[in-house]
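1. mind looking at a prediction? Sequence and model below.
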Amino acid sequence: MRGNVVFKVLFTLTVIFVLTIALAFGAWMIAIPGSFIKGKIESSVKKPYKIEARDIKKGIFFNVTIGSIKVSKGSGELLTLTDTYVSFEPSSLLFRKLKLLLKTTLNGGVINGEVVAEKGEASGGGNFSDIDVGAFSYLRRLGIRGDGTLSGTFTLEGKGGQVVFSVTDFKFQDIYSHGIYVPLKYFNELKGAIRVENGVLEMKSVTATGKGIFARVKGKVENAFSDITIELMPEEDFPDKDKLAFLRQYEVSPGAYVITVKKRLF
């Protein structure tokens, strides 16, 4: 008798699973056209930001490929994702969840992620590697020029998340702008963690190391405006001590400099 009950339970669960998959498949193939997906992507941000999704192709097995997703503000491009592949697991609907798997490329690097949507909240995470920092056009518009390789991990929690990252092979030009001098060319690595909560980006523990110099960056970016403090600490073996004269106005104690950056970033 007990075995018969177990069989009936398993059979019922199997039927529910198959029906869920069938209904999801039917909805996916018939009720969700590519234009609907495009509209959802492009309407996910508000002005002055804009998203353009091109070359959207819907696959049979609950997946979609997108040739490019361009994010811009006004006429200025912020970033472009290419060869994006997204799939969802229909079995997750049994648990009233929606599980998405993502793979895309950015500036020659790869981003992999997993997102679970449940009760209006999203959670998940992933990793990214070998992204060319120098290819971000908005950095050049800010007067920041150079090269570096960005890698790290990210987590999503409701309306916030965190990114832990490192930039290796860091080779950037010095910054001379609006009375601010930052000796970037002496640094070779940047790493740290950035927290995002309710649209506010907060730098939790960002540091840079290089040839005889150490830096710590902290502060926040809100509504595209920065309120950031850069602490510079040249060491005895800093190779170009003459240039420290450009930092004299920021000196707070012997060998320690603090630069405050308050401006619109994009």
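-> Great, that's in hand.

2. where exactly do the helices run in this protein?
-> Counting by DSSP state H, one finds helices in the chain at the ranges 2-26, 34-42, 137-141.

3. residues near E222, how many?
-> Applying the criterion other CB atoms under 10 Å, we find 12 residues in the vicinity of E222. Yep, even glycine has a C-beta here, placed from its N, CA and C like the rest.

4. picking up where we left off before, worst mean pLDDT among the helices of the chain?
-> Sorting the helices of the chain by mean pLDDT places helix 2-26 lowest, at a mean of 39.

5. so where is the protein shaky, pLDDT-wise?
-> Scanning the chain with the threshold set as pLDDT under 70 gives 1-34, 36, 61, 75, 90-96, 120, 178-179, 265-266.

6. mind giving me the domain ranges of it?
-> Following the assignment in automatic domain parsing, the chain carries domains at 1-95, 113-266.

7. wait, which of these is closest to T105?
-> T105 sits nearest to domain 1-95 of all these, at 5.1 Å, using CB to CB.

8. mind listing what G126 touches?
-> 102, 111-114, 153-154 (CB atoms under 8 Å, 6 or more residues apart in numbering).

9. now do the strands in the stretch 151-266 of the chain.
-> Remark: strands assigned in the stretch 151-266 of the chain by DSSP state E, counting those that start in this stretch are 160-172, 175-177, 180-182, 187-197, 200-210, 213-222, 225-234, 251-253, 256-261.

10. the first one pairs with which strands, parallel or anti?
-> Think strand 160-172. The strands beside strand 160-172 in its sheet (DSSP bridges) come out as strand 146-157 (antiparallel), strand 187-197 (antiparallel).

11. same thing with the second one?
-> Counting by DSSP bridges, the strands paired with strand 175-177 are strand 180-182 (antiparallel).

12. for the last one, same thing?
-> Using DSSP bridges, strand 256-261 pairs in its sheet with strand 225-234 (antiparallel), strand 251-253 (antiparallel).

13. now those in CSV, with distance to G59 and mean neighbour count?
-> CSV is the format used below for these (distance: least, CB to CB, whole Å; neighbours: other CB atoms under 10 Å):
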stretch, distance to G59, mean neighbour count
strand 225-234, 41, 17
strand 251-253, 58, 10
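
14. switch the ones you listed over to CSV; also include distance to I69.
-> Conversion of those to CSV gives the following (distance: least, CB to CB, whole Å):
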stretch, distance to I69
strand 225-234, 25
strand 251-253, 44
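
15. these: which one's closest to L142?
-> Closest to L142 of these, according to CB to CB: strand 225-234, at 10.2 Å.

16. alpha carbons only: can I get that closest one in PDB?
-> Extracted C-alpha coordinates of strand 225-234, given in PDB (Å, rounded to 0.1, in the frame of the first residue of the first chain):
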ATOM      1  CA  PHE A 225      27.700  63.200  -9.400                       C
ATOM      2  CA  SER A 226      30.800  62.100  -7.500                       C
ATOM      3  CA  ASP A 227      31.800  62.800  -4.000                       C
ATOM      4  CA  ILE A 228      35.100  61.000  -3.900                       C
ATOM      5  CA  THR A 229      38.300  61.300  -1.800                       C
ATOM      6  CA  ILE A 230      41.600  60.100  -3.100                       C
ATOM      7  CA  GLU A 231      44.300  59.600  -0.500                       C
ATOM      8  CA  LEU A 232      47.800  59.500  -2.100                       C
ATOM      9  CA  MET A 233      50.900  58.200  -0.100                       C
ATOM     10  CA  PRO A 234      54.200  58.300  -2.000                       C
END
